[in-house]
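Undergrad: what's the 3D shape of this:
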Amino acid sequence: MRRPLMALLAVGLLSAAGAQAQRGWATVSPPDMGFRAVFPREPEHYAQSNRTESGTWVGTTWEVDDVVRDRAFQVTVKDYSRYDTAGASIDAVLDAMCRGHDPNAEIHSLPASVPARRCTSERGVGGTEMRVYWVAPRLYVASHICGRQDCTSDRARFFGGFQLVR
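TA: Numbering: from 1, shown residues only. Next up is the predicted model:
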């Protein structure tokens, strides 16, 4: 009688573990967007456009805003194909993305095969980190904002799961 009970308990635990794994981190890899990312759950998805004197850029964002744990994860792809970037310094564009979030952000070059920056800010208890990449005509911005608690492992998993794909 004990063996069937133990087997039933084991099956129940395995089922619960499988359900928990399914509720875990979600991989997002939109076709033709050139990136793969992991989020703590399925992200919301929206698009926006911005008209300026230099043309229009179109952005697409995937975002998880976790108000319970006071953190946010975001990937934005800005398409500059209808925007005049002639004569623009890509380094200046990358730095401006960092400074636009926080004028006092620390900016470091990233070792990447494309122009890239790592921007950190002390905003929030855990701070904010952005990674910005340029693959013409697209600008990729991966951001993690941490509020009240230590988010080190979540940040490492998010940025460790972000890849540019071709």
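Undergrad: where along this structure do the strands fall?
TA: Assignment of strands within the chain using DSSP state E yields the ranges 26-28, 35-39, 44-52, 55-66, 71-79, 106-109, 116-121, 127-135, 138-146, 163-164.
Undergrad: partners of the last one, with directions?
TA: Just to be clear, that refers to strand 163-164. strand 35-39 (antiparallel) (DSSP bridges).
Undergrad: re earlier: would you turn the strands of the chain into JSON lines with distance to residue 153, mean pLDDT and mean neighbour count?
TA: Bear in mind the C-beta positions are built from the backbone N, C-alpha and C, glycine included. Formatted as JSON lines, the strands of the chain follow (distance: least, Cβ to Cβ, whole Å; pLDDT from 0 to 100; neighbours: other Cβ atoms under 10 Å):
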{"stretch": "strand 26-28", "distance to residue 153": "17", "mean pLDDT": "97", "mean neighbour count": "14"}
{"stretch": "strand 35-39", "distance to residue 153": "13", "mean pLDDT": "97", "mean neighbour count": "19"}
{"stretch": "strand 44-52", "distance to residue 153": "23", "mean pLDDT": "91", "mean neighbour count": "11"}
{"stretch": "strand 55-66", "distance to residue 153": "14", "mean pLDDT": "90", "mean neighbour count": "16"}
{"stretch": "strand 71-79", "distance to residue 153": "11", "mean pLDDT": "94", "mean neighbour count": "21"}
{"stretch": "strand 106-109", "distance to residue 153": "21", "mean pLDDT": "93", "mean neighbour count": "13"}
{"stretch": "strand 116-121", "distance to residue 153": "17", "mean pLDDT": "92", "mean neighbour count": "19"}
{"stretch": "strand 127-135", "distance to residue 153": "13", "mean pLDDT": "92", "mean neighbour count": "21"}
{"stretch": "strand 138-146", "distance to residue 153": "11", "mean pLDDT": "93", "mean neighbour count": "21"}
{"stretch": "strand 163-164", "distance to residue 153": "19", "mean pLDDT": "96", "mean neighbour count": "14"}
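Undergrad: can I get those in a markdown table including distance to residue 152?
TA: Output for the strands of the chain, formatted as a markdown table (distance: least, Cβ to Cβ, whole Å):
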| stretch | distance to residue 152 |
| --- | --- |
| strand 26-28 | 21 |
| strand 35-39 | 16 |
| strand 44-52 | 24 |
| strand 55-66 | 15 |
| strand 71-79 | 11 |
| strand 106-109 | 17 |
| strand 116-121 | 13 |
| strand 127-135 | 10 |
| strand 138-146 | 9 |
| strand 163-164 | 20 |
